[in-house]
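Chemist: only geometry, no sequence info:
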């Protein structure tokens, strides 16, 4: 009897425990979704990842994305993707999911985002998939420290209508700019249509073959002073000068070079002769910049420009600047045994060096050599006299 009661008691306790376990299991099932729901959510995440491109240039973030994609594939029970050359045929490394084209896209079609890495080409076959990005970054780092090649640009900055007693014309202001460098004091010229036309005619007489393919804006019988005509001619003159400068024989010709600085040299010479040294100094300085931009710093015209700068600086009591101009001229004359301006520059340099307290022994020695080899220095003109008497044709 006692054994039967004990058996029933154990059976009842066991039944209550089973019901509690079943109740606990049902509550846990309500708190946590089924594994099928987890798999569905993971599949949706996998689809979203396969159609999403990363627009980043950091290699670390790209590697993290690769690890996340590989981890997602393992959670979904997908087989591990091969690496190396085989990856290009089956998966392509980072092209996992993208090679499928995404939802609604055929294989090999680029993602609508437009990223070139979305295509499964040769770059995708390489492991890592970020080789192109690394190459571009390295190229960018190298190019930051390199200088862009310089070239001379011609820009018409303004055009004004000038009315004189018997004529009316448009005066175009052209700046000579070297690309890749900031000019604090740019070189500028002011020319009218007849100046361009004269240059075109002289160059066609001498360089007929080279000028055959270069067009020149035609002269109009009327409407020459409208804004539209002036704007079109401004652009045409810029292209005209750029074409001329691109031909080596033309840009080194006296006709082309004198178009830019001969007028300034004549004006500076007249101002110097009349004693207007401050105005002449500005004109000499602009002629200096023009010849420097055009790359003719070793010509006779450039030596004459240095002489004008030295004389004007000296007359304005700017002895240090005058001494520097004489030194630059003597460096250019170093390789020449004789030159009409060598003696005058040496005399001026010795005088200015004594004034500013600079070394003058080398110039004195060169003067002594000239005295022994040629006529007495007393018969040679001064630098100012040479400057005034120099014909500028």
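Modeler: It's in. Note that the structure is predicted; figures quoted are calculated from it, not measured.
Chemist: nearest residue to residue 153 other than its sequence neighbours?
Modeler: residue 177 (4.5 Å; CB to CB, 6 or more residues apart in numbering). Every C-beta, even on glycine, is put in place using the N, C-alpha and C of the backbone.
Chemist: That neighbour - that's part of a strand, no?
Modeler: Yes - judged by DSSP: H, G, I helix; E, B strand; the rest coil, residue 177 forms part of a strand.
Chemist: ok, how many other residues are close to it?
Modeler: 19 (other CB atoms under 10 Å).
Chemist: Stretch 163-180 - what's its average pLDDT?
Modeler: Per-residue pLDDT over stretch 163-180 has a mean of 90.
Chemist: follow-up on the earlier one: how about the residue nearest to residue 153, what does it touch?
Modeler: Counting by CB atoms under 8 Å, 6 or more residues apart in numbering, residue 177 touches 152, 153, 154, 155, 183, 186.
Chemist: same question, residue 288
Modeler: Going by CB under 8 Å, 6+ apart, residue 288 touches 302, 305, 306, 309.
Chemist: What subset of those is buried?
Modeler: In the contacts of residue 288, burial by neighbour count holds for 302, 305, 306, 309, counting by 16 or more other CB atoms under 10 Å.
Chemist: can you give me the helices in the stretch 151-300 of the chain?
Modeler: For the stretch 151-300 of the chain, applying DSSP state H, counting those that start in this stretch gives helices covering 193-206, 208-211, 227-245, 248-251, 254-273, 277-294, 300-315.
Chemist: Export the ones you listed as TSV, with columns for mean pLDDT.
Modeler: Compiled in TSV, the helices of the stretch 151-300 of the chain are given as follows (pLDDT from 0 to 100):
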stretch	mean pLDDT
helix 193-206	96
helix 208-211	92
helix 227-245	94
helix 248-251	94
helix 254-273	95
helix 277-294	96
helix 300-315	95
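Chemist: Could you save the ones you listed as CSV and add columns showing distance to residue 355?
Modeler: Putting the helices of the stretch 151-300 of the chain into CSV (distance: least, CB to CB, whole Å) gives the following:
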stretch, distance to residue 355
helix 193-206, 41
helix 208-211, 50
helix 227-245, 41
helix 248-251, 40
helix 254-273, 20
helix 277-294, 17
helix 300-315, 9
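Chemist: Quick check: nearest residue in space to residue 381, chain neighbours excluded?
Modeler: Nearest one to residue 381, counting by CB to CB, 6+ apart, is residue 344 at 6.4 Å.
Chemist: Residue 267 too?
Modeler: residue 283 (5.2 Å).
Chemist: Verify the contact between the one you found and residue 263 for me.
Modeler: No - between residue 283 and residue 263 there is no contact under CB atoms under 8 Å: 9.5 Å.
Chemist: When these two are compared, which one has more neighbours?
Modeler: Per other CB under 10 Å, whichever of residue 283 and residue 263 has more neighbours is residue 283, with 23 against 17.
Chemist: that older thread, which one, of the helices of the stretch 151-300 of the chain, ends up nearest to residue 324?
Modeler: Comparing the helices of the stretch 151-300 of the chain by their distance to residue 324 (CB to CB), the top pick is helix 300-315, with 8.5 Å.
Chemist: quick one: that closest one to helix 277-294, angle?
Modeler: Calculated by axes from the mean of the first three to the mean of the last three CA atoms, to 10 degrees, helix 300-315 forms an angle of 150 degrees with helix 277-294.
Chemist: now the contacts of residue 177: which count as buried?
Modeler: Among the contacts of residue 177, those buried by neighbour count (16+ other CB under 10 Å) are 152, 154.
Chemist: Among the contacts of residue 177, find the lowest-pLDDT one for me.
Modeler: Minimum pLDDT for the contacts of residue 177 is recorded at residue 183 (72).
Chemist: and it, what does it touch?
Modeler: Residue 183 neighbours (CB under 8 Å, 6+ apart): residue 177.
Chemist: How about residue 352: what's its closest non-neighbour residue?
Modeler: Spatial nearest neighbour of residue 352, chain neighbours left out: residue 323 (4.1 Å); criterion: CB to CB, 6+ apart.
Chemist: tell me the secondary structure for the one you found?
Modeler: Per three-state DSSP, the local secondary structure of residue 323 is helix.
Chemist: Let me know whether it touches residue 359 as I believe.
Modeler: No - using CB under 8 Å, residue 323 makes no contact with residue 359, being 11.0 Å away.
Chemist: And residue 154, how close does it get to residue 211?
Modeler: Taking CB to CB, to the nearest Å as the measure, residue 154 falls 17 Å from residue 211.
Chemist: just residue 191 next, same as before
Modeler: As for residue 191, its distance to residue 211 is 18 Å (criterion: CB to CB).
Chemist: One more: residue 373?
Modeler: To residue 211, residue 373 is 46 Å away according to CB to CB.
Chemist: Pop the domain breakdown of this structure in here.
Modeler: By the assignment in automatic domain parsing, the chain contains the domains 92-136, 150-251, 264-393.
Chemist: got CSV for those domains, with distance to residue 257 too?
Modeler: Formatted as CSV, the domains of the chain follow (distance: least, CB to CB, whole Å):
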stretch, distance to residue 257
domain 92-136, 43
domain 150-251, 8
domain 264-393, 6
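Chemist: between the ones you listed, which gets nearest to residue 258?
Modeler: Judged by CB to CB, the one of the domains of the chain that comes nearest to residue 258 is domain 264-393, at 8.1 Å.
Chemist: May I have the distance across that closest one, first residue to last?
Modeler: 12 Å (CA to CA, to the nearest Å).
Chemist: do the same with stretch 291-304
Modeler: For stretch 291-304, the end-to-end distance is 12 Å (CA to CA).
Chemist: Residue 284 against residue 310, yeah?
Modeler: No - at 9.4 Å, residue 284 does not count as touching residue 310 under the criterion of CB under 8 Å.
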